[in-house]
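Student: Sequence plus predicted model, see below.
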Amino acid sequence: RVAAVHGDPTCVNGWALAADHVDGARPGHATAAADVRAWFDAAEADVFATAHTCLPFLQFFGDGLVANNGAAGLASFEGDGAGLVTRVAARGGVVISISATRSPFRLNAG
């Protein structure tokens with residue numbers, strides 16, 4: 001089961017699932033891993049597919065996976081203007097693959 005959220009499960013523009021806020025991702029985190037696991041339980045989800053934070057990451061919290069593509073329309077990696085598109089595929093309610101693909105775009109297209 002996949003739950004797609006923009007931001008985090010508690011706020012459409014939240015940062016609780018940002019790489020620099022979650023437990024274990026970087027020092028100075030603000031979101032406890034126990035809280036993330038509780039969100040998975042409450043949503044009855046196996047994957048949170050999220051964005052908004054401009055810094056991509058994948059991380060397991062117990063049996064749940066956060067797949068954060070950062071931002072599809074903004075540069076995702078330092079020195080590279082491409083964004084990142086994350087695809088989560090499921091069959092019969094079971095996640096069978098997760099992929100992240102570099103997505104180049106032109107800022108001044110016209």
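Tutor: It's in. Predicted, not measured: the structure shown is a model, and the values here were computed from it.

Student: Now the residue positioned nearest the centre of the chain. Nearest residue, chain neighbours left out?
Tutor: Closest to where the C-alpha atoms of the chain average out (C-alpha atoms, centre = their mean) is N68, at 1.4 Å. Spatial nearest neighbour of N68, excluding adjacent residues (C-beta to C-beta, 6 or more residues apart in numbering): T50 at 4.9 Å. Quick note: C-beta positions are derived from backbone N, CA and C, even for glycine.

Student: Same question for V2.
Tutor: Closest to V2 by C-beta to C-beta, 6+ apart is V47, at 4.6 Å.

Student: Show me where the protein dips below the pLDDT cut-off.
Tutor: For the chain, the stretches flagged by pLDDT under 70 are 24-29, 72-73, 105-110.

Student: in it, which spans are helices?
Tutor: Here the chain has its helices, by DSSP state H, at 33-43.

Student: my guess is the residue nearest to N68 meets H6, correct?
Tutor: Yes: the pair T50 / H6 is scored as a contact, 6.9 Å apart, by C-beta atoms under 8 Å.

Student: so where do the strands sit in this protein?
Tutor: 2-6, 47-51, 57-61, 64-68, 83-91, 94-103 (DSSP state E).
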